[in-house]
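S.K.: when you get a sec, could you give me coordinates for this:
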Amino acid sequence: MVLASIDLAAFFGVGAVGWWLVLVAGLITLLLLTEHRRYSWTAITVFALSAFLQFAAGINILGWIAANPLGFVVLILGYAAIGVVYSLAKWRLSFLRKERERYDVLVAKFKGELPPHQEWLIGQGWNWESVRVRYNKARITAWIAYWPWSLLWTLIDDPFRKLAEWMYATFRSWYEALFANAFKGVDVPKN
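M.R.: Here you go, the predicted structure:
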């Protein structure tokens, strides 16, 4: 039997094919779970990857922690400190900037006097609670706890999203021309 002859320690050992497959699959899973705010599953995946490294790959994480308790505490504090700095930057430079842009687009559509526009904004899908800190506890905590994956996703996703938006804006007139040509002679309602 082929499975019986596979040396699992060699297949999953550090640097082996199985090791890389599990780590790449785990990284992609963590990126997607973090981006889609599935934080419980993210924690389970981190635990599963840690267990894989400990037991299948032969990296003695628990032994290192037992032998270096002070080093482990320093590592955790450093990780948390980087997470806090990252979460502050992500909150201001990414999340609040995007929400402010969304708010400005909605206000630009508003045609009436500004003071009573709150009801109109709510009717357009705006929710002040969505931008308040106390209603974003899970998001901010996840940015602190899972900052490496959140940072990596931000670095990967944001440039591609901006490129796609730029391409759409650049070629929108071409799409409009194709639409107009396809429905030439039809009274198409304006919206």
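S.K.: separation between the nearest residue to Trp143 once chain neighbours are set aside and Tyr103?
M.R.: By the measure of CB to CB, 6 or more residues apart in numbering, the closest residue to Trp143 outside its immediate chain neighbours is Ser87, 3.8 Å from it. Every C-beta, even on glycine, is put in place using the N, C-alpha and C of the backbone. From Ser87 across to Tyr103, the span is 21 Å (CB to CB, to the nearest Å).
S.K.: between those two, who's got more neighbours?
M.R.: Ser87 (20 against 15; other CB atoms under 10 Å).
S.K.: gap between the helix or strand hosting Pro148 and the chain center?
M.R.: Following DSSP states H and E, one finds Pro148 within helix 147-182. A distance of 17 Å separates the centroid of the chain from that of helix 147-182, by CA atoms, centre = their mean, to the nearest Å.
S.K.: what residues sit buried inside it?
M.R.: For helix 147-182, a neighbour-count test (16 or more other CB atoms under 10 Å) marks 147, 149-151, 153-154 as buried.
S.K.: same check on stretch 46-58?
M.R.: 46, 49, 52-53, 56-57.
S.K.: and those, which is closest to Asn127?
M.R.: Set against Asn127, the nearest of the buried residues of stretch 46-58 by CB to CB is Val46 (30.7 Å).
S.K.: doesn't Leu30 make contact with the closest one?
M.R.: Yes - counting by CB atoms under 8 Å, Val46 touches Leu30, with 7.1 Å between them.
S.K.: name the residues contacting each of the two.
M.R.: Tyr146 (CB atoms under 8 Å, 6 or more residues apart in numbering).
S.K.: for the residue sitting nearest the centre point of the chain, which non-adjacent residue is spatially closest?
M.R.: With distances taken as CA atoms, centre = their mean, Glu35 lies nearest the centre of the chain, 2.6 Å away. Counting by CB to CB, 6+ apart, Glu35 lies nearest to Trp153, which is 5.1 Å off, once chain neighbours are set aside.
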